[in-house]
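# coordinates only, sequence not included:
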């Protein structure tokens, strides 16, 4: 079976490489010529554990990349994995998706094909795509992705469920083809959810919005804990022991970020509003997240009074550990707030590409020329903390493995603002550090 994957961003690249590993003949399609050249050399443009290793294993064997849509002519299945960013009004911007569908038309003939939408799209999108392709011998399938950045390759091969949405469940042909492609997961007894388009589309938004709501709930509770002297870590642990609640996504911090949660929550709000329903809970989830970073920044500001001229080490740059993705990163938002207050920032992340992306992002921002003046990104954590007035933990790495006795000798002032509640409080306090967490002291 021959497969084309349109879009080689985060979702598309992992889908292409994953399907190649499962033994299919795969062609990745993208309009970015530089990216395609890089991929055909076996170099991944994004950081994800094991991704480049698998890319090198299959490149120019059963996996190739091109800027042309022509391989669709020979494909049995086409996966659409293009971006659906947020537009100015908060809706999912579907221009890239519809553009890809229009381009695809030139290569569709009488041969039967399955068009699979993996992009996160609002309810009704699969139906619109089928309308665009009216008269073509195709079936459209909704197949949302549930990859977690940092462990996405693992998630591809070990999904918790496979969701497939179809126009007509009595039409077995596309169902059988999708079950053949994902036969590896059938053999592993992974649950398959076979449903209609609208249900499949909404499952993705419902899942992300619910997880985001758990995060906002514990973050809101952390503010009260902070005020009254309760410990949010203990509260989260106790709550998580209740099997009805579970212990996932109950770590208080400075809010969620990334390419999915912020965008998908806002897009879901719009879907409610477009159907004349007031999304009270989902709006609150979004508002709490936006306020959390401001609340934490005020804590830092409250300690120093005036931040102008103060130097801070910001530990963690990407929105979560083991990725280079800066999209909606709380660390970047915090850095911007510090810079706007006249502070000097020394950033660090364990992932090299996250450091490179940060440097490039600020160098390219001509409206705010800061890199090399009051913002520095360093390759060594001990260089980052040297002579700083405070340490801010912004990404959820285990920094307990570092030599805090050594760090204590390098800093100008022993103050830690732990935005992810990851440090051993007793240990750092014993070394003379003042510690300020999120809902813990």
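Nice, thanks for sending it over. What you see is a predicted model, and the numbers here were worked out from it, not measured in a lab.
# Tell me where the protein has strands.
2-6, 25-29, 63-66, 77-80, 113-117, 138-142, 162-166, 192-196, 311-315, 344-348, 375-377, 390-393, 415-418, 434-436 (DSSP state E).
# So which of those strands is nearest residue 296?
For the strands of the chain, proximity to residue 296 was assessed by CB to CB; strand 415-418 is nearest, at 7.4 Å. Just so you know, the C-beta spots here come from the backbone N, C-alpha and C atoms, and that holds for glycine as well.
# separation between the closest residue to residue 61 other than its chain neighbours and residue 55?
When the adjacent residues along the chain are set aside, residue 61 lies closest to residue 20, with 8.0 Å between them (CB to CB, 6 or more residues apart in numbering). Going from residue 20 to residue 55 by CB to CB, to the nearest Å gives 9 Å.
# And residue 281, by the same measure?
Taking CB to CB, one finds residue 281 at 41 Å from residue 55.
# circling back: can I get the strands of the chain in JSON lines including mean pLDDT, mean neighbour count and distance to residue 274?
Output for the strands of the chain, formatted as JSON lines (pLDDT from 0 to 100; neighbours: other CB atoms under 10 Å; distance: least, CB to CB, whole Å):
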{"stretch": "strand 2-6", "mean pLDDT": "98", "mean neighbour count": "25", "distance to residue 274": "27"}
{"stretch": "strand 25-29", "mean pLDDT": "98", "mean neighbour count": "26", "distance to residue 274": "31"}
{"stretch": "strand 63-66", "mean pLDDT": "98", "mean neighbour count": "21", "distance to residue 274": "36"}
{"stretch": "strand 77-80", "mean pLDDT": "98", "mean neighbour count": "25", "distance to residue 274": "22"}
{"stretch": "strand 113-117", "mean pLDDT": "98", "mean neighbour count": "24", "distance to residue 274": "19"}
{"stretch": "strand 138-142", "mean pLDDT": "98", "mean neighbour count": "23", "distance to residue 274": "19"}
{"stretch": "strand 162-166", "mean pLDDT": "98", "mean neighbour count": "21", "distance to residue 274": "20"}
{"stretch": "strand 192-196", "mean pLDDT": "98", "mean neighbour count": "15", "distance to residue 274": "19"}
{"stretch": "strand 311-315", "mean pLDDT": "98", "mean neighbour count": "26", "distance to residue 274": "38"}
{"stretch": "strand 344-348", "mean pLDDT": "96", "mean neighbour count": "23", "distance to residue 274": "39"}
{"stretch": "strand 375-377", "mean pLDDT": "93", "mean neighbour count": "22", "distance to residue 274": "40"}
{"stretch": "strand 390-393", "mean pLDDT": "98", "mean neighbour count": "25", "distance to residue 274": "39"}
{"stretch": "strand 415-418", "mean pLDDT": "98", "mean neighbour count": "22", "distance to residue 274": "40"}
{"stretch": "strand 434-436", "mean pLDDT": "97", "mean neighbour count": "17", "distance to residue 274": "42"}
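# Make TSV out of those strands and add distance to residue 288.
Shown next, in TSV, are those (distance: least, CB to CB, whole Å):
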stretch	distance to residue 288
strand 2-6	36
strand 25-29	38
strand 63-66	41
strand 77-80	33
strand 113-117	31
strand 138-142	30
strand 162-166	28
strand 192-196	30
strand 311-315	22
strand 344-348	26
strand 375-377	28
strand 390-393	20
strand 415-418	19
strand 434-436	20
